[in-house]
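In: I would like to see how this sequence folds:
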Amino acid sequence: MDHAARTAASSASGSAADALGASDAPDATEGHAANGTRDSGGSRTETVVAPARPATFRDIFGLAEFRALWLAQLLSVAGDQLARVAMTVLVYDRTHSALLTAATYAVTFLPWVIGGVALSGLADRLPRREVMVACDVARMILVGLMTLASLKDGSAAVLWVMVALLFVVTLLDSPFKSARSALVADILTGDRYVLGVAVTQTTLQVGMVAGFAVGGLVVAGLGVRTALLADAATFAVSALLVRFWVHRRPAASRSPGDKQSALAEMAAGVRLVFGDHALRRLMLLGWLVAFYVVPMGLAAPYAASLHSSLSVPVATGLVFAAGPFGTAIGAVIVGRIVPQAVRQRLMGPLAVGSCGLLLLCWLHLGLIGALLIIACSGACASYQLAANAAFVAAVPPQRRGQAFGLANGGMQVTQGLWIVLAGAAASSGAVSPAVSIAISGGVGAFLGVTLAASSRGKTGPRRSGSDIHAS
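Out: Okay, the predicted model is just below:
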């Protein structure tokens with residue numbers, strides 16, 4: 001999450017941005033070319049031509065704007081998991097209801113049904129940096145209100161007020177992430193973008209694992225209120241990072257005089273993504289995450305069914321960590337080592353492998369075998385890097401915010417619904433958790449094969465270079 005703070009010292013921040021922009025320009029001796037421009041807000045931005053050689057970590061972390069977005073993401077992802085742990089612990093402590101506790105967790109997925117379609121267009125209609133800042137400030141305030149509410153008595157009314165506030169906090173995540181995704185595509189071009197997404201995905205996985213692990217310790221040792229305050233603080237820091245280290249850019253979609261209703265804009269965004277074969281296929285490949293993420297949704301019952309010598313909580317933690325660990329390794333290998341042309345060719349096979357490997361869970365190979373299977377599945381999920389890069393290349397820059405919002409929204413919703421279905425199947429006793437995971441993997445692999453085959457002989461519309469990358 002990147003958060004924003006209002007300040008009266010706009011001239012000072014402009015000077016700081018200019019200084020950082022100067023440091024962002026790559027060294028000419030490394031074969032880069034850079035041209036300085038100024039947008040309508042007067043801030044200096046850099047149009048950097050991506051190097052012919054493969055991108056390096058220095059290429060992306062040498063850009064102050066990317067460093068700010070990366071650090072803000074790391075803080076916010078960990079803070080989000082911290083808040084999730086705090087709220088689920090609080091609800092269970094006050095209601096002793098597993099159903100209500102699960103419903104509280106589901107609240108973090110449901111808002112994407114609304115936000116992915118209705119709010120993601122804000123990232124195109126308004127300056128993206130300002131969208132991110134406004135979302136972060138609003139969420140900081142809302143989490144602060146949740147903290148104040150936790151000081152009240154333990155009545156059901158107060159508890160559900162907190163859950164409602166959590167719903168709004170998650171709702172604002174959609175325009176924020178849409179703006180951030182589109183902004184990263186503006187900052188990084190070519191092979192830099194793929195490596196940047198690899199770093200982003202690795203950060204996301206590490207942040208999730210660390211947030212869940214540290215969240216449990218913080219809630220147990222310091223309490224729910226401290227955890228919520230820590231989450232609010234991550235919003236504040238993120239807002240400052242984005243406000244002072246990311247350049248202001250004008251709204252991407254159109255001139256102020258070109259007005260279009262929100263409903264018409266949503267319809268246009270849906271037609272753009274679902275009406276284009278290439279975009280639709282790439283988005284659906286991304287949505288396969290719902291099938292290979294099921295081991296995390298069933299981590300506790302699956303770990304218990306493995307009958308390991310380790311305690312169930314420890315085994316559950318390992319199952320949770322295996323997927324993100326494999327994804328982190330795969331993202332670094334695919335994003336840093338594998339050439340771009342090879343990435344595109346491997347996209348289909350890796351998508352099928354990320355789901356198909358879970359069929360091996362049916363063999364009940366024990367905890368070690370299960371961890372290896374899940375980690376390898378996570379490593380194959382690195383196909384998302386190639387799919388993401390191709391998606392960016394096919395979407396006009398002025399529509400990227402809404403396109404990313406639809407794609408991310410679909411990911412969140414399909415994950416939530418499919419995990420509930422897989423959990424219901426395992427809870428019914430009709431199948432074991434291992435078999436439920438294997439069936440999920442089989443369904444995902446079948447869909448992956450179908451999507452890979454659908455690309456043969458069909459390509460999306462060709463776009464000019466100015467449409468492929470934003471400067």
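
In: Stretch 107-116 - what's its average pLDDT?
Out: Averaged across stretch 107-116, pLDDT comes to 66.

In: What of stretch 369-378?
Out: 95.

In: any idea how far Val289 is from Leu74?
Out: Using CB to CB, to the nearest Å, we find Leu74 at a distance of 21 Å from Val289. Using the backbone N, CA and C atoms, a C-beta is placed for each residue, glycine as well.

In: all helices for the stretch 251-400 of the chain, in order.
Out: 262-275, 277-287, 289-292, 294-297, 299-305, 312-336, 340-356, 366-380, 383-394, 400-427 (DSSP state H, counting those that start in this stretch).

In: May I have the third one exported as PDB, CA atoms only?
Out: Included here for helix 289-292 are C-alpha records, laid out as PDB according to Å, rounded to 0.1, in the frame of the first residue of the first chain:
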ATOM      1  CA  VAL A 289      -4.200 -18.500  -9.600                       C
ATOM      2  CA  ALA A 290      -7.500 -19.500  -8.000                       C
ATOM      3  CA  PHE A 291      -6.700 -23.200  -8.700                       C
ATOM      4  CA  TYR A 292      -3.100 -23.400  -7.600                       C
END
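
In: Which elements pack onto it?
Out: helix 340-356, helix 400-427, helix 433-454 (3 or more CB pairs under 8 Å, 6 or more residues apart in numbering; DSSP states H and E).

In: okay if I get those helices as a markdown table plus distance to Ala149?
Out: A markdown table is the format used below for the helices and strands packed on helix 289-292 (distance: least, CB to CB, whole Å):
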| stretch | distance to Ala149 |
| --- | --- |
| helix 340-356 | 40 |
| helix 400-427 | 25 |
| helix 433-454 | 36 |
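
In: neighbours of Leu350, just the number please.
Out: Per other CB atoms under 10 Å, the neighbour tally for Leu350 reads 24.

In: Out of the helices and strands packed on helix 289-292, which is closest to Leu241?
Out: When the helices and strands packed on helix 289-292 are compared by CB to CB, helix 400-427 sits nearest Leu241, at 19.8 Å.

In: Quick check: mean pLDDT of the closest one?
Out: Averaged across helix 400-427, the pLDDT comes to 78.

In: tell me the pLDDT at Lys257?
Out: Quick fix: residue 257 reads Gly, not Lys. 45.

In: now the strands for the stretch 51-200 of the chain?
Out: Counting by DSSP state E, counting those that start in this stretch, the stretch 51-200 of the chain has no strands at all.

In: Tell me where it has helices.
Out: Using DSSP H, counting those that start in this stretch, helices in the stretch 51-200 of the chain cover 57-61, 64-95, 98-106, 111-118, 122-125, 128-149, 156-171, 173-187, 190-222.

In: List just the one of these that sits closest to Ile373.
Out: Taking these one by one with CB to CB, helix 190-222 is closest: 17.2 Å.

In: Give me the distance between Val184 and Ser354.
Out: Distance from Val184 to Ser354, by CB to CB: 23 Å.

In: Who has more neighbours out of those two?
Out: Neighbours were counted for Val184 and for Ser354 using other CB under 10 Å; Ser354 has more, 31 against 25.

In: show me the contacts for that one.
Out: Applying CB atoms under 8 Å, 6 or more residues apart in numbering to Ser354 gives the contacts Leu288, Tyr292, Ser377, Gly378, Cys380, Ala381, Tyr383, Gly444, Gly448.

In: Any chance of these in a markdown table with neighbour count as columns?
Out: Converted to a markdown table, these look like this (neighbours: other CB atoms under 10 Å):
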| residue | neighbour count |
| --- | --- |
| Leu288 | 25 |
| Tyr292 | 28 |
| Ser377 | 29 |
| Gly378 | 27 |
| Cys380 | 23 |
| Ala381 | 27 |
| Tyr383 | 26 |
| Gly444 | 27 |
| Gly448 | 26 |
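
In: Same list, those, but as a markdown table with distance to Arg225 please.
Out: Formatted as a markdown table, those follow (distance: CB to CB, whole Å):
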| residue | distance to Arg225 |
| --- | --- |
| Leu288 | 39 |
| Tyr292 | 36 |
| Ser377 | 38 |
| Gly378 | 34 |
| Cys380 | 41 |
| Ala381 | 36 |
| Tyr383 | 41 |
| Gly444 | 40 |
| Gly448 | 44 |
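
In: Show me the two of the residues you listed that sit farthest apart.
Out: The largest separation in these, counting by CB to CB, is between Gly378 and Gly448 at 15.2 Å.

In: what's the neighbour count on Leu318?
Out: 20.

In: quick one: it and Ile374 touch, right?
Out: No - taking CB atoms under 8 Å as the definition, Leu318 is not a contact partner of Ile374, at 9.3 Å.

In: Among the contacts of Ser354, which one sits closest to Val218?
Out: Nearest to Val218 among the contacts of Ser354, with distances taken as CB to CB, is Gly378, at 25.9 Å.

In: Could you pull up the residues touching that closest one?
Out: Tyr292, Ala322, Gly323, Pro324, Phe325, Gly326, Thr327, Ala328, Ile329, Gly330, Ser354 are the contacts of Gly378 under CB under 8 Å, 6+ apart.

In: I'd like the average pLDDT over stretch 431-447.
Out: On average, the pLDDT along stretch 431-447 is 94.

In: and if you look at stretch 241-251?
Out: For stretch 241-251, the per-residue pLDDT averages 91.

In: Using CSV, list the CA coordinates for that stretch.
Out: Extracted in CSV, the C-alpha atoms of stretch 241-251 (Å, rounded to 0.1, in the frame of the first residue of the first chain):
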residue,chain,number,x,y,z
LEU,A,241,7.0,7.8,0.0
VAL,A,242,4.6,8.2,-2.9
ARG,A,243,4.0,11.9,-2.3
PHE,A,244,7.7,12.9,-2.2
TRP,A,245,9.5,10.4,-4.3
VAL,A,246,7.1,9.6,-7.2
HIS,A,247,6.7,12.2,-9.9
ARG,A,248,3.3,13.8,-10.6
ARG,A,249,1.9,12.8,-14.0
PRO,A,250,-1.3,14.1,-15.6
ALA,A,251,-4.3,11.9,-15.9
